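In: My questions are about this predicted structure, shown below with the sequence.
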Amino acid sequence: MIQNIAQSVRYIGVDDLDLDLFESQYVIPEGMAYNSYLLEGEKLAVLDTVDERKAEAWKANLSEALAGRKPDYLVVHHLEPDHSGLVGWMLTEIPVLKIALSAKAARGAGELLPGGGDSLQRRRLREVRRATLNYQHFFGRFFSRRTYKKSP
């Protein structure tokens, strides 16, 4: 489900109502929302991908929101699968995509990159200050926190 949050911000995340445990340890009886956004301006930026479990639904939301356009940037908050599960797919689909991520995430990003993160792919990484990425996490909680009930 796509939601317009502001004129230039669209929610493209997906819900996972079948998941019972988050990170294999936290009980989530009402499922999980994977937050992801498209920021539209002079450039297009996708903020986070989602867990591979919901790849098809997220790709459909992304495609609808982009309406044939290609994003310029992918901002990855951190490397947990609920934020970065489809980074490799994005890089394969959009070869010119630039990635913005924290210095800590950049050190571990090789495992997400096609081909294991060779030097050509690593040149596409851009480090950004952690404070900037923390804003995105706050933004996601503020604008898209919802309560879901699982189907019986």
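Out: Cool, got the structure. Numbering: from 1, shown residues only.

In: Going by C-alpha atoms from here, please, whenever you check contacts or count neighbours.
Out: Noted.

In: residues of stretch 86-106 that come out buried?
Out: Using 16 or more other CA atoms under 10 Å as the test for burial, stretch 86-106 gives 86-91, 97-102, 105-106.

In: Let me know the average pLDDT across that stretch.
Out: Taken as a whole, stretch 86-106 has a mean pLDDT of 82.

In: End to end on it, go ahead and measure it.
Out: 16 Å (CA to CA, to the nearest Å).

In: and if you look at stretch 18-36?
Out: 19 Å.

In: can you map out the strands along the chain?
Out: Assigned by DSSP state E, the chain shows strands spanning 3-6, 9-11, 14-16, 21-22, 26-27, 32-34, 37-40, 44-47, 73-76, 98-101, 125-127.

In: Please identify the most buried of these.
Out: The highest average neighbour count among those, using mean count of other CA atoms under 10 Å, belongs to strand 73-76 at a mean of 24.

In: Tell me which two of the buried residues of stretch 86-106 sit farthest apart.
Out: Taking every pair in the buried residues of stretch 86-106 and measuring CA to CA, the maximum separation is 19.8 Å, between Trp89 and Ser102.

In: returning to what we had before: need the strands of the chain in CSV (columns: distance to Lys59).
Out: Output for those, formatted as CSV (distance: least, CA to CA, whole Å):
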stretch, distance to Lys59
strand 3-6, 15
strand 9-11, 13
strand 14-16, 10
strand 21-22, 22
strand 26-27, 26
strand 32-34, 13
strand 37-40, 12
strand 44-47, 12
strand 73-76, 14
strand 98-101, 18
strand 125-127, 22
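
In: can you give me the helices in the chain?
Out: Taking DSSP state H to define them, one finds helices in the chain at 55-66, 81-84, 87-93, 103-108, 119-122, 130-144.

In: quick one: average pLDDT of the longest one?
Out: When pLDDT is averaged along helix 130-144, the result is 41.

In: low pLDDT regions in this structure?
Out: The model of the chain has pLDDT under 70 over residues 107-152.

In: Please report the distance of Tyr73 from Leu79.
Out: 16 Å.

In: ok, now Val9?
Out: Distance from Val9 to Leu79, by CA to CA: 23 Å.
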